[in-house]
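In: Below is the sequence, then the predicted model.
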Amino acid sequence: MLGTVMAGAPTDRIPLHTILLPVLGVLAWVVIGKAGLGLVALLLAIVLLGSVLAAVHHAEIVALRVGEPYGTLILALAVTVIEAGLIISLMLGGDPNPGLMRDSVHAAVMLVLHGLAGACIVIGAWRHRGSEFRVDGANSFLAVLIPMATLVLVLPNHVLSTEGPYLTTAQLIFISGACLALYLAFLFIQTNWHRDYFLPVGDGPSAGHARPAGRIAAGSAVLLIVALTSVVLLAKALAPALEEGVAAVGAPTTVVGVIVAAIVLMPESAAAIRAAAHNRLQSSINLVLGSAVACIGLTVPAVAAVSFMIGQPLALGISAGQTTLLALSFAVAIITYGTGRTNLLCGIVHLVLAATYVFTVFAP
């Protein structure tokens, strides 16, 4: 799986842009501090996106060096730090938005489950007519993703202790612990007892890479910290501009969460689509569904901890209409991943559901 993630990325050197962009991001935050609407905000946003890509590149280099099972953990933690950093920075940097984590987690699940998965299936089917994957691996992802999403996004609307989409402190602590426990259990299964569930089907083309040298991995480890710091600081600087921009165009505040999810999923999306194009749908599924599982299992406990410290409540429950769409999404996913082979029709169905989700965000 790591070999697929790294397709096209050099392991014998550190690309110059992955050094310059994170450093530039930290320096820009020091000089500018907080960005308003305009050219400055646009430039900072470009540097932010570059820092995200640089962070994931360095995480992948370190992951290739240490190997499995630790490599997968490093990748998941790096992406989770980016997402949690963006959410926490927006929580601290602008007006209180108790629904931000709900919106970003919900968006990540829907965009991954349908948008990204649909794109991978369509590309794989278009180029190879059909792609195979391991049912046991896909079902393992869904086995933890479905209860996680239900606990975080649906249950808060139905508890009796509080009104609305909120949980009591005890309930939020329990839900956060449950999500973390599910993720850790899944990680153990993925990297130890049932690692074969997640290996590519057959003897398709290899995308392996030589193990990076120690000095390259050490340099990437240092630059990973710099890149993650840059992402968090730039997100904090851009928080006012992002919220003002969404308000200026009259879009719902939910759009902020969708933007956060889209930024976080960019690197994973590129790697997953690249794998699907080379007939490695199993690797695409590992990346796609794995990012959704890590998103809930690690981000929710981290953001919940910060909400306790700053005293800001978290609105978690989604609307009745979105709950219906989420249930439909999982039903379709169970059908898609229950056969071990996909086709063009499956991909189109997923893309239509992704478009439906985006449409209902803007027209709730």
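Out: Nice, I can see it.

In: Residue ranges in the protein under the pLDDT threshold?
Out: By pLDDT under 70, the low-scoring segments of the chain are 1-12, 33-38, 67-73, 75-76, 92-96, 130, 200-210, 239, 267.

In: P313 - that's part of a strand, no?
Out: No - applying DSSP: H, G, I helix; E, B strand; the rest coil, one finds P313 to be coil, outside a strand.

In: Might you report the residue contacts of it?
Out: 98, 166, 307 (C-beta atoms under 8 Å, 6 or more residues apart in numbering). From N, CA and C alone the C-beta is placed, and that goes for glycine too.

In: Apply 10 Å and report the result again.
Out: Taking C-beta atoms under 10 Å, 6 or more residues apart in numbering as the criterion, P313 is in contact with 96, 98-99, 162, 164-167, 169, 172, 307.

In: PyMOL command to pick out the buried ones of these?
Out: In PyMOL, selecting the buried portion of these, with burial taken from 16 or more other C-beta atoms under 10 Å, looks like this:
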select buried, resi 99+165+166+167+172+307
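
In: Return the member of the contacts of P313 nearest to V256.
Out: G99 (9.2 Å; C-beta to C-beta).

In: For that closest one, which non-adjacent residue is closest in space?
Out: Using C-beta to C-beta, 6 or more residues apart in numbering and skipping the chain neighbours, the partner closest in space to G99 is A315 (4.3 Å).

In: Give me the neighbour count for that neighbour.
Out: 17 (other C-beta atoms under 10 Å).

In: Just want to check the distance between it and P165.
Out: From A315 over to P165 the distance is 5 Å, taken as C-beta to C-beta, to the nearest Å.

In: again, but for R127
Out: Applying C-beta to C-beta to R127 and P165 gives a distance of 42 Å.

In: longest helix anywhere in the chain?
Out: helix 214-248 (DSSP state H).

In: Tell me which other helices or strands the helix or strand following that one touches.
Out: Proceeding N to C from helix 214-248, the next assigned helix or strand is helix 254-277, under DSSP states H and E. With contacts taken as 3 or more C-beta pairs under 10 Å, 6 or more residues apart in numbering; DSSP states H and E, helix 254-277 sits against helix 2-5, helix 39-66, helix 70-93, helix 100-110, helix 117-128, helix 214-248, helix 281-294, helix 344-362.

In: chain center to helix 254-277, what's the gap?
Out: 7 Å (C-alpha atoms, centre = their mean, to the nearest Å).

In: quick one: it to helix 39-66, angle?
Out: 40 degrees (axes from the mean of the first three to the mean of the last three C-alpha atoms, to 10 degrees).

In: Now do the buried residues in helix 254-277.
Out: By neighbour count with 16+ other C-beta under 10 Å, helix 254-277 contains the buried residues 254-261, 263-265, 267-277.

In: repeat for stretch 242-258
Out: 242-243, 245-246, 254-258.

In: now swap in stretch 214-231 and tell me
Out: 216-217, 219-221, 223-224, 226-231.

In: from those, which is closest to A59?
Out: L224 (5.7 Å).

In: Surely the closest one touches V52?
Out: No - using C-beta atoms under 10 Å, L224 is not in contact with V52; the gap is 11.9 Å.

In: okay, and the common contacts of the two?
Out: 22, 78.

In: If we ignore the residues flanking it in sequence, what's nearest N279?
Out: Counting by C-beta to C-beta, 6+ apart, the residue nearest N279 is H128, at 4.8 Å.

In: measure the one you found to R134 for me?
Out: Relative to R134, H128 is positioned 17 Å away (criterion: C-beta to C-beta).

In: I146 now?
Out: For I146, the distance to R134 - C-beta to C-beta - is 18 Å.

In: higher neighbour count, these two?
Out: A count of neighbours by other C-beta under 10 Å puts R134 above the other of I146 and R134, at 20 against 16.

In: what's near enough to touch the more buried one?
Out: By C-beta under 10 Å, 6+ apart, the contact set of R134 is 140, 196-201, 281-282, 285-286, 337, 340.

In: H106 too?
Out: Taking C-beta under 10 Å, 6+ apart as the test, what H106 contacts is 99, 149, 152-153, 254, 257-258, 261, 296, 316, 318, 322, 325-326, 357, 361.

In: Would you point out the most distant pair within those?
Out: I296 and V361 (18.9 Å).

In: The two: which has the busier surroundings?
Out: Higher neighbour count among I296 and V361: I296, with 26 against 19, using other C-beta under 10 Å.

In: Can you verify my assumption that that one contacts F141?
Out: No - the pair I296 / F141 is not scored as a contact, 11.7 Å apart, by C-beta under 10 Å.

In: Out of the buried residues of stretch 214-231, flag the one nearest to V47.
Out: Distances from V47 to those, taken by C-beta to C-beta, are shortest for S230, at 7.6 Å.

In: Excluding covalently adjacent residues, which one is nearest to the closest one?
Out: G25 is the one closest to S230 (C-beta to C-beta, 6+ apart), at 3.2 Å.

In: ok but the one you found is inside a helix, no?
Out: Yes - counting by three-state DSSP, G25 is part of a helix.

In: L53 is in contact with that one, correct?
Out: No - using C-beta under 10 Å as the test, G25 is too far from L53 to be in contact (11.6 Å).

In: which of these two has more neighbours?
Out: Shown here are G25 and L53; by other C-beta under 10 Å, G25 has more neighbours (26 against 16).

In: That's all I had, so thanks and see you.
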